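**Student:** need a 3D model of the following:
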Amino acid sequence: MNDAIGRSAENGLDRRRFLRAAGLTGAGVAGISVVGAGTAFAGGGDDEQSGPSDAAVLNFALNLEYLEAEFYLRAVTGDGLKDSQVDGAGELGGVRGGRKVRFESKLAKQYAEEIADDERAHVDFLRSALGDAKVARPEIDLDDAFTAAALAAGVIKNGERFDPFADENSFLLGAFIFEDVGVTAYKGASPLVSNKTFLEAAAGILAVEAYHAGLVRTVLLSKGLEDPAGKISDARDSLDGSSDLDQGIVTSGTANIVPADDNGIAFSRTPGQVLNIAYLNPSAVSEGGFFPAGVNGEVNTSDDNG
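**Tutor:** Residues are numbered from 1 along each chain as shown. The predicted structure follows:
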């Protein structure tokens with residue numbers, strides 16, 4: 001792993017930063033030199049870039065990891081992230097909703113516990129890699145936002161509520177809202193990451209998110225929940241633009257565990273499209289849905305698909 005990191009690092013500073021974040025060095029490694037969230041990493045030369053900096057892109061991902069970690073941790077333990085895992089630049093927000101789920105099957109419970117551990121690790125990793133540039137956890141809604149999403153998808157009717165923590169099936173449908181979006185978010189953000197070391201790390205997280213998505217899709221299909229899952233897929237499609245990219249867990253009556261194009265390649269979403277779904281709004285806005293006060297960092301506005 002050290003050899004791989006050495007080959008992919010663009011300079012010594014980047015290599016030290018990644019090594020420390022990965023826990024592969026001792027306390028004597030030189031500290032991170034980061035100007036701040038939404039700016040390019042210090043160091044000059046090839047580190048300078050146009051458009052969103054690597055720090056801004058990773059902080060965008062960190063906001064999403066906060067959301068997923070809070071959802072899964074509360075579902076399997078009843079508690080979310082610790083105070084030491086949520087501080088940083090920007091407005092620190094609380095979390096509304098979430099409680100321990102009473103799982104009916106051992107399999108779903110084990111899957112949920114494994115995913116929760118992974119999402120917590122993603123938060124810790126990104127925070128460590130970003131150092132002083134990391135953003136704080138924004139305000140997160142795990143209550144009304146799910147009802148709004150389910151209502152928009154047609155999973156529930158007016159006047160009804162959708163609680164993803166009420167039972168195992170509801171939890172899996174709630175997880176389905178996030179998991180596919182996470183995969184497309186990392187793939188869509190990858191061209192924006194200029195540093196090869198950080199790109200390699202992001203690719204690793206994307207792979208884990210894809211495993212998670214496959215698990216969730218498989219269990220949903222085994223439970224015969226293809227209809228509500230398909231409605232959620234259609235709702236995501238209605239938010240992120242005119243292209244029909246999102247795919248449910250069945251296609252023409254057959255299993256569709258891996259949503260891919262004709263070349264077997266997963267599709268991408270821009271950060272703005274991801275925020276269209278997270279904010280539950282097809283217009284260009286900077287808050288709403290699962291992030292009532294918006295996300296922290298430079299990348300914070302959804303695309304205009306209205």
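**Student:** now do the strands in the stretch 1-150 of the chain.
**Tutor:** Remark: strands assigned in the stretch 1-150 of the chain by DSSP state E, counting those that start in this stretch are 95-96, 140-141.
**Student:** a markdown table please, covering those and showing mean pLDDT.
**Tutor:** Listed next are the strands of the stretch 1-150 of the chain as a markdown table, based on pLDDT from 0 to 100:
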| stretch | mean pLDDT |
| --- | --- |
| strand 95-96 | 98 |
| strand 140-141 | 98 |
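**Student:** adding mean neighbour count and distance to Ala203, write those strands out as CSV.
**Tutor:** Bear in mind the C-beta positions are built from the backbone N, C-alpha and C, glycine included. Output for the strands of the stretch 1-150 of the chain, formatted as CSV (neighbours: other Cβ atoms under 10 Å; distance: least, Cβ to Cβ, whole Å):
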stretch, mean neighbour count, distance to Ala203
strand 95-96, 17, 29
strand 140-141, 24, 26
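**Student:** for the ones you listed, give me CSV that also has distance to Leu221.
**Tutor:** What follows is the strands of the stretch 1-150 of the chain, written out as CSV (distance: least, Cβ to Cβ, whole Å):
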stretch, distance to Leu221
strand 95-96, 30
strand 140-141, 28
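**Student:** of all these, which lies closest to His122?
**Tutor:** Each of the strands of the stretch 1-150 of the chain has some distance to His122 by Cβ to Cβ; the shortest is strand 140-141, at 15.4 Å.
**Student:** partner strands of the closest one, with direction?
**Tutor:** strand 95-96 (parallel) (DSSP bridges).
**Student:** contacts for the partner strand next, please.
**Tutor:** Glu70, Arg74, Gly80, Arg137, Glu139, Ile140, Asp141, Leu142, Asp143, Asp144 (Cβ atoms under 8 Å, 6 or more residues apart in numbering).
**Student:** any idea how far Gly288 lies from Asn296?
**Tutor:** Gly288 sits 15 Å away from Asn296, going by Cβ to Cβ, to the nearest Å.
**Student:** ok, those two, which is more surrounded?
**Tutor:** Asn296 (27 against 20; other Cβ atoms under 10 Å).
**Student:** next, the nearest residue to that one once chain neighbours are set aside: phi, psi?
**Tutor:** Among residues not flanking Asn296 along the chain, Gly90 sits closest, at 3.1 Å (Cβ to Cβ, 6 or more residues apart in numbering). Dihedral pair for Gly90: phi 90, psi -180, per degrees, to the nearest 10.
**Student:** what is the neighbour count of Gly90?
**Tutor:** 20.
**Student:** test my guess that it contacts Ala136.
**Tutor:** Yes: between Gly90 and Ala136 there is a contact under Cβ atoms under 8 Å: 5.1 Å.
**Student:** overlap in contacts of those two?
**Tutor:** Asn296.
**Student:** which one of the contacts of strand 95-96 sits in the busiest neighbourhood?
**Tutor:** Arg137 (29 neighbours).
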